[in-house]
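A.B. asks: My questions are about this predicted structure, shown below with the sequence.
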Amino acid sequence: MEFVEEQLDQAPFLRLDEPLVTDLLVTSLREEVEKAGFHKVILGLSGGIDSALSLYLATEAFGKENVIAVCMPYHTSDPASLEDAQVAIEELGVHSLIIDITPQIDPYFDEHFPEASPLRRGNKMARERMSILYDLSVDFEALVVGTSNRTELLLGYGTQYGDGASAVNPIGDLYKTQVRQLSAFLGVPEQIIIKPPSADLWENQTDEGELGFTYLDVDRLLYYMIDKRYTLEQLSELQFTEDFISQVSRRIIRNQYKRTMPIILKVNNRTIGTDFRYPRDWGL
């Protein structure tokens with residue numbers, strides 16, 4: 001796809017071995033879900049590229065009969081988002097549901113906090129969607145699959161216990177640029193790949209507009225900052241501005257709490273997460 005190739009030409013170090021990465025993610029996803037005793041998965045499908053890629057990987061791992069996609073629009077959501085989600089659903093043939101979250105969101109704010117900011121409303125929507133997924137996971141006996149990419153996780157660009165919550169995340173180690181590459185390889189519909197990324201939490205919201213920089217630019221910086229561990233001086237030599245480096249660095253540091261389990265204050269000698277750290281398949 002020309003759009004994806006143009007981006008990778010600007011960041012060739014982010015290029016993936018597509019068949020290898022697909023096989024790795026599909027195999028690992030299947031293993032982790034089955035370790036937990038599940039054979040089905042469920043995820044929220046927004047109509048965006050991240051959830052679409054997670055859906056395609058899940059279908060590859062478990063077959064269409066074992067994947068449930070849930071679309072959860074709000075009354076201000078772009079109708080095109082639901083249309084794009086439906087294209088992916090029909091192409092893959094997975095089971096799907098549409099649940100309007102407006103009745104669960106508006107009464108709370110209308111009655112108690114009518115002046116609430118768009119950010120508060122957006123966070124409430126994200127957590128309501130995840131609450132629905134976990135409720136449905138019981139009914140379908142399906143594990144919840146995450147849809148947050150590596151760029152979002154590093155920047156803390158997501159809602160804790162909202163879109164940041166899941167049991168297993170197949171795309172959390174892929175930068176946004178890599179999500180686009182793998183999506184093109186797996187046949188995610190082109191209109192989903194090329195449209196401006198948006199959490200669709202309020203009207204006309206876009207990720208890059210809210211962040212203040214493009215995913216390609218920040219992916220390039222994150223690669224050198226995180227993967228290559230470049231110093232500030234080395235990053236500056238690559239023509240990244242000091243303001244940009246500082247802005248991204250502050251976001252990573254400030255949002256560390258979103259990337260960890262809740263901190264348990266230590267009293268006993270085998271504290272969960274500190275001393276008691278067996279892998280979940282350790283046995284009895």
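C.D. replies: Looks like it arrived, so ask away.
A.B. asks: just checking, Gln178 touches Ala11?
C.D. replies: No. Under the criterion of Cβ atoms under 8 Å, Gln178 is not in contact with Ala11, lying 9.4 Å apart. The C-beta positions use only the backbone N, C-alpha and C, and glycine is treated the same way.
A.B. asks: Which one of those two is surrounded by more residues?
C.D. replies: More neighbours surround Gln178 than the other of Gln178 and Ala11, with 25 against 16 (other Cβ atoms under 10 Å).
A.B. asks: Show me what the helix or strand hosting the more buried one is packed against.
C.D. replies: Using DSSP states H and E, Gln178 maps to helix 176-186. Packing contacts for helix 176-186, counted by 3 or more Cβ pairs under 8 Å, 6 or more residues apart in numbering; DSSP states H and E, involve helix 2-10, helix 18-35, helix 49-62, helix 150-155, helix 190-194, helix 215-222.
A.B. asks: give me the number of residues near Ala199?
C.D. replies: Around Ala199 there are 21 residues (other Cβ under 10 Å).
A.B. asks: What of the one 4 residues further on?
C.D. replies: Around Glu203 there are 9 other residues, counting by other Cβ under 10 Å.
A.B. asks: cool, Leu211 as well?
C.D. replies: 19.
A.B. asks: That one: what's it in contact with?
C.D. replies: Leu155, Tyr157, Val218 (Cβ atoms under 8 Å, 6 or more residues apart in numbering).
A.B. asks: mind redoing it with 7 Å?
C.D. replies: Contact partners of Leu211, counting by Cβ atoms under 7 Å, 6 or more residues apart in numbering, are Tyr157.
A.B. asks: Name the residues of the helix holding Gln178 that come out as buried.
C.D. replies: Lys176, Thr177, Gln178, Val179, Arg180, Gln181, Leu182, Ser183, Ala184, Phe185, Leu186 (16 or more other Cβ atoms under 10 Å).
A.B. asks: Ok, stretch 14-30 next?
C.D. replies: Here stretch 14-30 shows Leu14, Leu16, Val21, Thr22, Leu25, Val26, Leu29, Arg30 as buried, counting by 16+ other Cβ under 10 Å.
A.B. asks: Run through who's touching that stretch.
C.D. replies: For stretch 14-30, using Cβ under 7 Å, 6+ apart, the contacting residues are 8, 57-58, 60-62, 168, 170, 175, 177-178, 181-182, 185-186, 219, 223.
A.B. asks: again, only using 10 Å
C.D. replies: Residues from elsewhere that reach stretch 14-30, judged by Cβ atoms under 10 Å, 6 or more residues apart in numbering: 5, 7-9, 39, 41, 53-54, 56-62, 143, 145, 168-171, 173-182, 184-186, 216, 219-220, 222-223, 227.
A.B. asks: Stretch 120-130 too?
C.D. replies: 44, 46, 70-74, 76-77, 99, 101-102, 104-106, 108-109, 113, 116-117, 144, 146, 158-166, 199-202, 205, 210.
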